[in-house]
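Engineer: The sequence isn't on hand, but the structure is:
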Ligand SMILES: Cc1cc2nc3c(=O)[nH]c(=O)nc-3n(C[C@H](O)[C@H](O)[C@H](O)COP(=O)(O)OP(=O)(O)OC[C@H]3O[C@@H](n4cnc5c(N)ncnc54)[C@H](O)[C@@H]3O)c2cc1C
């Protein structure tokens, strides 16, 4: 019987395994160094904040795996030998495969900062990171201050987590406005004010120089590169992005760049070896999307597509229009299509902000054709399906704004802002 080995029990690996099982009788082994069972990484923050227990983050009961003949193996794969089709574990064990799926996710970036390996310095990615956070930041008496390095979606989650336990947070952000490499200035500016309003000490245009140790090898302070200031702290959160977790593949012959290089069928340069999820890097971004997309739903979609290919119905991975959602403290964020920090050449932005400074939208559109390219919404929930259809139909920005109420997520419970948005849109001068 053909043996499929999947390294990684995250959303991409597990989805792939489930779908292979639906379609075939193949022997399937899922390997993970992190946890015995699949859990929802996106829910890590809610465990620390006390909304859920770890057990609640497991989407499947523990009996599910055996019942579906999905063998689980705990261990760290140290080497892949693609000519012999074997894996070597850190423990010394080996295992052979017929087909190999690499679904090893990401790791937190570390940029060689002095002190980055000290105790109390952690990322926010793995279950182990969460366990560490409980050790070093269980409360404000043990952790008198935390410093977070790097603004972005994970940094703001960590800030919120610590904040719920009243732990003072200093947030060092390299950019001159929060996440302004991704967000237009109106949105980024609103988030700066929102973060400050939560008494989080946001320091823009500041980088980490080094982390200082106490006499037991634990972080006790950081030094700011630009000012030389020493900030005393008990925890340093490294949240300056993530990158594919592929160091162990260096000598495998599998083509690597930032991630594992794959084509649209998620095949690598080596026969019978595939990559999916955060660690997969497309040779060319599909339909203008980024070659690596470290988000949950793309991992799931890749897992589903690859299962088809492995079971003999070769299907390309086709992610459709970009979308994403997140939360910045109290403000929900959604994005559909493309809204760039600065409009792409030939495009313009329409921006509307509510007077409460907690809700805004930005629409990107083509000036010449008026084609709607994408929308960011903050503090207002809108329907994914509606925007997906409008992007498919290449609607004009005028039609989108005129019909915004169709995208209203839940008219019964959400206040409506379409009128105000339309007024501003109709009164603005047309960009040249
Ligand atoms: C705190 C946080 C919040 C997030 N929130 C969101 C969100 O709101 N929305 C969203 O879309 N995305 C979110 N993401 C991103 C999302 O969680 C990831 O894109 C997704 O989990 C990646 O899934 P994956 O299957 O590719 O890899 P992973 O979930 O990382 O799974 C890979 C597994 O492989 C294991 N592994 C790696 N190397 C080896 C090896 N050599 N041997 C054995 N095992 C190995 C790892 O330990 C890990 O368990 C968030 C991520 C984090 C960290």
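Structural biologist: Yep, it's here. Bear in mind the structure is a predicted one, so any value in this text is a computation, not a measurement.
Engineer: what about the residue of the stretch 51-200 of the chain found nearest the ligand, neighbour count?
Structural biologist: Residue of the stretch 51-200 of the chain nearest the ligand, by Cβ to the nearest ligand atom: residue 105 (1.9 Å). Bear in mind the C-beta positions are built from the backbone N, C-alpha and C, glycine included. Here the count is done by other Cβ atoms under 10 Å, and residue 105 has 26 residues near it.
Engineer: wouldn't it be in contact with residue 10 here?
Structural biologist: Yes. Counting by Cβ atoms under 8 Å, residue 105 does reach residue 10; the two are 5.1 Å apart.
Engineer: Find residues that contact each of the two.
Structural biologist: Listed as contacting both residue 105 and residue 10 by Cβ atoms under 8 Å, 6 or more residues apart in numbering are 277, 278.
Engineer: ok, now which ones touch residue 39?
Structural biologist: 54, 57, 58, 59, 127.
Engineer: can you pick the most crowded of the residues you listed?
Structural biologist: residue 57 (19 neighbours).
Engineer: Next up, the contacts around it.
Structural biologist: Here residue 57 is in contact with 39, 40, 43, 44, 46, 47 (Cβ under 8 Å, 6+ apart).
Engineer: With residue 311 instead?
Structural biologist: Taking Cβ under 8 Å, 6+ apart as the test, what residue 311 contacts is 20, 23, 24, 26.
Engineer: show me the contacts for the third one.
Structural biologist: By that I understand residue 24. Contacts of residue 24 by Cβ under 8 Å, 6+ apart are residue 311.
Engineer: What parts of the stretch 101-250 of the chain come near the ligand?
Structural biologist: Along the stretch 101-250 of the chain, the residues adjacent to the ligand under the rule Cβ under 6 Å from any ligand atom are 103, 104, 105, 106, 124, 125, 154, 157, 245, 248.
Engineer: farthest-separated two in those residues?
Structural biologist: 157 and 248 (27.1 Å; Cβ to Cβ).
Engineer: Between those two, tell me which one has more neighbours.
Structural biologist: Using other Cβ under 10 Å, the more surrounded residue of residue 157 and residue 248 is residue 157, with 24 against 19.
Engineer: I figured the more buried one hits residue 45, correct?
Structural biologist: Yes. Residue 157 is in contact with residue 45 according to Cβ under 8 Å; the separation is 4.8 Å.
Engineer: quick one on the thing from earlier: any chance of TSV for the contacts of residue 57, columns secondary structure?
Structural biologist: Converted to TSV, the contacts of residue 57 look like this (DSSP: H, G, I helix; E, B strand; the rest coil):
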residue	secondary structure
39	coil
40	coil
43	helix
44	helix
46	helix
47	helix
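Engineer: Tell me the one of these nearest the ligand?
Structural biologist: Nearest to the ligand among the contacts of residue 57, with distances taken as Cβ to the nearest ligand atom, is residue 44, at 4.8 Å.
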